[in-house]
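**Student:** sequence and predicted structure are below.
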Amino acid sequence: MEKISRRRFLQISAATFGAATAATHLNVPFAVAATAKGGGADVKTVPTFCEICFWKCSGIAYVRDGKPWKIEGNPLDPLSQGRLCPRGTGGIGAYYDPDRLRAPLIRVGERGKDEWKKVTWDEALQYVADKMKKIKAEHGPESMAMFKHGTGARFIEHTLRAYGAINMAAPSFAQCRGPREVGFTLTYGEGISTPERTDIENARCLVFIGSHLGENMHNSQVQELANAVGKGATIITVDPRFSTVAGKSKYWLPIKPATDIALLLAWMNVIVTEGLYDKAFVEKYGHGFDRFAQALKDRTPEWAYPETGIDPDTIRATAREMARYRPATLIHPGRRSVWNGDDTQRSRAIALLNALMGNWGRKGGLYVPASMEVPGYPMPKYPKSTRGKADNPGKKYPFAEEVISTGVRAATISGKPYPIKGWMVVGTNLIQALPNRKETIEAINQLDLLVVVDTVPSEIAGWADVVLPESIYLERYDELMVETFRRPFISLRQPVVESPHDQKPGWWIGKKLAEKLGLAEYYPWKDIEEYLNARLVKAGLSLAELKQKGVVLGPQQPIYVEDGAEISFDTPSGKVEFWSQRLADAGFDPVPKYTPPDPNPPGAFRLITGRAPVHTFSRTQSNPLLIAAMPENEVWVNVQVAAKLGIKGGDYVKLKNQDGVVSNRVRVKATQRIHPGCVYMVHGFGTESRMWKSAYRRGASTAQLLTRYKTDPLMGGTSIHSNFVTLEKDA
Ligand code: SF4
């Protein structure tokens, strides 16, 4: 198999580092856990895994004269395959971030006014424990909720569960991957999971619908995409914007925003009516195919044309192209799948189109992931709650598989079904992560306690009562990483250097807080090394081995199913559900239906958002290496539209949404590469936290403009492409 060069990988990742990071690429030979001389300095190498995003690639960190110097991919790691992405490479800048939280803080003034006193860890944790005990006594332990993101939250969550908390919300569900997981689970009985089970590098036809891989930088997927491109795979990209991957595509379909379901139905209509689907797969594994085909019969390319703006010939040609290469045709399920409020059905339509390709468990399709078994550490059982979770009373969203963040927020505002009086927020900037920040602040004002654990003074930290500074990923141990992937493996995060100030790792914070709460029995180990080693020994490994290698591979397992193999799907029918009786019984469409989106108000543009390859939302906004690579975002405006508005590329504008909210100033990118009905900005910029000095008001915030959202009726996900803006030139 042809492997990509680093140059091709970076071409696809759409960004390279300039002078700012060049100094981190000095040529030091790879040596795991070795000590070498580099430029007259003492250099040691320590394997660990990255936390600049959730992909968790393993790397080898180089430490020179006691300071992190650079980080490279660990060649043993199946995820990174020896290469890190641009922001992972620049992740070392997190250590040098001038705005890092340095010591625990307790608020002394009004919430949100940034008036703090520095305290010791003992004082901070005692304060938190006393407040938590009071909340438990007055309202019950369920009234303490948690919002979490990242590996560092693991032990703090453990402490909260030991205390009796049950409302643990990850915004990555209702604000990101939830509709996809639910849509695929309704169809196949299981989701796509993380890292995605997509056999990109063996696909002969790849379809990206709303997924801008390459800007959305998930390392191994981008490497696989580069390999697939190198092998001549046909790429079909559907996006209102000519994205990086559109530039690698045979077909770019510049769809009218919010009409994806119409295109998906028309594609399936062509594939079914022309008999191009995998009949053997459908016959053996499909359920309700006839009713599905009947539901599609009027959804022709001619019907879809006025909705999507994609001409019928292109719809037919691309549908036939997909069928030509099946089962090695992969319609990428995407990741952020919260768009317009009908997102579970949109993801289900993607799942069904994949099913027509017969690619489940097939090379170039959706493979069967492998994993290793690592037993847990014996712990006392968590207390049982007699109350249900607060986020989804009466199962209003019947297919929600996880706690809905905006549901916890709504319960905090209303006090129903019971009061939520405390939030523990770990590693997620809720002011940017949730739509409608007014509602978030309204909820915060109902709280008796808001604790924020973070590495930087994010906007949510500005609203906290107590801020606990977490060590960055280069300074701490975390829970073992045992993920499902094409090759099973375990990887270790371990400290590369010590924290420079009074920061502490999540496991330490969780343990010490448990002791203050009288829950020490939930930490029957002296320190994290003892805990990790005990788990690894049970798996026939040792901490010493992981510390040395960073990654241990398990035996290769089959990831493809054989022709005609017996597969049982975990659905009510035991088959792939082309028609879903579960959905019909719950009052939803058993086959996805299309609803036209709200029209643009006169003179306004739909605001669409995405990611950049050198930042992870707002969390990297003060990393000096990543700022140097991308200091601010831009607003993409169609060049003819810009001309009509009297705006040129490079001008600064402010965006005003339908509710009168006005953004910070942001520079215009006037381009042919975007549909005239929308404008586009990268998410995560324009922070309003004054404590976050090097990030403060750089670029404009998309989150600030998301005052409106639609809620997915199946699982409670909140849409992020439901707002419209006008542009005003900034003097
Ligand atoms: Fe780090 Fe990049 Fe891997 Fe994310 S994809 S874990 S940022 S190297």
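**Tutor:** Received the coordinates, thanks. Residues are numbered from 1 along each chain as shown.

**Student:** what residues does this protein have near the ligand?
**Tutor:** 50, 52-53, 55-57, 84-85, 87-88, 217-219 (CB under 6 Å from any ligand atom). In this view, the C-beta of every residue, glycine as well, is placed from N, C-alpha and C.

**Student:** so can I have TSV of those residues showing neighbour count and secondary structure?
**Tutor:** Compiled in TSV, the residues of the chain next to the ligand are given as follows (neighbours: other CB atoms under 10 Å; DSSP: H, G, I helix; E, B strand; the rest coil):
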residue	neighbour count	secondary structure
Cys50	28	coil
Ile52	29	coil
Cys53	22	coil
Trp55	22	coil
Lys56	24	coil
Cys57	28	coil
Leu84	24	coil
Cys85	27	coil
Arg87	27	helix
Gly88	25	helix
Met217	27	coil
His218	23	coil
Asn219	26	helix
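
**Student:** pLDDT wise, what is the nearest residue to Trp303 once chain neighbours are set aside at?
**Tutor:** In space, not counting the residues next to it along the chain, Trp303 is nearest to Ala266; the distance is 6.8 Å by CB to CB, 6 or more residues apart in numbering. With respect to pLDDT, Ala266 has a value of 99.

**Student:** how many other residues sit next to Ala266?
**Tutor:** 27 (other CB atoms under 10 Å).

**Student:** what about it, distance to Gly650?
**Tutor:** Relative to Gly650, Ala266 is positioned 39 Å away (CB to CB, to the nearest Å).

**Student:** need the helices for the stretch 301-450 of the chain, in chain order.
**Tutor:** 301-308, 312-325, 343-357, 405-414, 430-433, 437-444 (DSSP state H, counting those that start in this stretch).

**Student:** ok, back up a step: not counting its own residues, what contacts the helix or strand where the residue nearest to Trp303 lies?
**Tutor:** For Ala266, the host element (DSSP states H and E) is helix 260-273. In this structure, residues lying in contact with helix 260-273 by CB atoms under 8 Å, 6 or more residues apart in numbering are 209-210, 238, 253, 255, 276-277, 292-293, 296-297, 299-301, 303-304, 307-308, 310, 315-316, 318-320, 322-323, 339, 342, 345-346, 349-350, 352-353, 356, 592-595.

**Student:** state the pLDDT value of the residue lying closest to Gly462 once chain neighbours are set aside.
**Tutor:** Nearest non-adjacent residue to Gly462, counting by CB to CB, 6+ apart: Ser689, 4.8 Å away. pLDDT recorded at Ser689 is 94.

**Student:** surely Ser689 is in contact with Val467?
**Tutor:** No - at 11.3 Å, Ser689 does not count as touching Val467 under the criterion of CB atoms under 8 Å.

**Student:** shared neighbours of those two, anything?
**Tutor:** By CB under 8 Å, 6+ apart, Ser689 and Val467 have these common neighbours: Pro457, Ala461.

**Student:** who has more neighbours out of those two?
**Tutor:** In this view Ser689 and Val467 are compared by other CB under 10 Å, and Val467 has more residues nearby, 27 against 24.

**Student:** next, give phi and psi for that one.
**Tutor:** Backbone torsions for Val467, taken as degrees, to the nearest 10, come to phi -120, psi 130.

**Student:** in the chain, which residue sits closest to the ligand?
**Tutor:** Using CB to the nearest ligand atom, the closest approach of the chain to the ligand is made by Gly88 at 2.2 Å.

**Student:** ok, for that residue, nearest residue in space, not its chain neighbours?
**Tutor:** The nearest residue in space to Gly88 (CB to CB, 6+ apart) is Cys50, at 4.7 Å.

**Student:** for that neighbour, give its distance to Arg177.
**Tutor:** 19 Å.

**Student:** repeat for Gly309
**Tutor:** Computed as CB to CB, the Gly309 to Arg177 distance reads 28 Å.

**Student:** now do Lys438
**Tutor:** On the measure of CB to CB, Lys438 and Arg177 end up 25 Å apart.

**Student:** same question for Leu480.
**Tutor:** 22 Å.

**Student:** ok, these two, which is more surrounded?
**Tutor:** Arg177 (26 against 22).

**Student:** now the more buried one: closest residue in space that isn't a chain neighbour?
**Tutor:** Leaving out its chain neighbours, the residue that sits closest to Arg177 by CB to CB, 6+ apart is Arg335, at 5.6 Å.

**Student:** Gln175 is in contact with that neighbour, correct?
**Tutor:** No - if you go by CB under 8 Å, Arg335 and Gln175 don't touch, sitting 11.6 Å apart.

**Student:** who's more crowded, those two?
**Tutor:** Between Arg335 and Gln175, Gln175 has the larger neighbour count (other CB under 10 Å), namely 24 against 21.

**Student:** residues in contact with that one?
**Tutor:** Contacts of Gln175 by CB under 8 Å, 6+ apart are Val338, Ser405, Thr406, Ala433, Leu434, Pro435, Gly717, Thr718, Ile720.

**Student:** give me the element the last one is part of.
**Tutor:** Put plainly, it is Ile720. Short version, using DSSP H and E: Ile720 is in no helix or strand.

**Student:** that one contacts Thr609, doesn't it?
**Tutor:** Yes - when contacts are counted by CB under 8 Å, Ile720 is listed as touching Thr609 (6.2 Å).

**Student:** so these two - more neighbours on which side?
**Tutor:** Neighbours per residue, other CB under 10 Å: of Ile720 and Thr609, the larger number sits with Ile720, 24 against 19.

**Student:** and the more buried one, what are its phi and psi?
**Tutor:** phi -120, psi 0.

**Student:** all strands for the stretch 51-200 of the chain, in order.
**Tutor:** In the stretch 51-200 of the chain, the strands defined using DSSP state E, counting those that start in this stretch lie at 58-64, 67-73, 105-107, 116-118, 144-148, 168-169.

**Student:** okay, and Glu545 sits in which element?
**Tutor:** Using DSSP H and E, Glu545 sits in helix 543-549.

**Student:** list of residues touching that helix?
**Tutor:** With contact meaning CB under 8 Å, 6+ apart, helix 543-549 is reached by 32-33, 47, 76, 480, 490-492, 494, 529, 532-533, 536, 552.

**Student:** could you look up the next helix or strand downstream of that helix?
**Tutor:** Taking DSSP H and E, what comes next after helix 543-549 is strand 551-553.

**Student:** what are the pairing partners of that next one, and which direction each?
**Tutor:** Sheet pairing of strand 551-553 (DSSP bridges) gives strand 489-491 (antiparallel).

**Student:** helices or strands next to the helix or strand just after the strand it pairs with in the packing?
**Tutor:** Remark: after strand 489-491, the chain's next helix or strand is helix 506-516, criterion DSSP H and E. Contacting helix 506-516 under the criterion 3 or more CB pairs under 8 Å, 6 or more residues apart in numbering; DSSP states H and E are the following elements: helix 121-139, helix 154-163, helix 528-538.

**Student:** please identify the most buried of those helices.
**Tutor:** helix 154-163 (a mean of 22; mean count of other CB atoms under 10 Å).

**Student:** what angle separates that helix from helix 528-538?
**Tutor:** Angle, helix 154-163 to helix 528-538, by axes from the mean of the first three to the mean of the last three CA atoms, to 10 degrees: 90 degrees.
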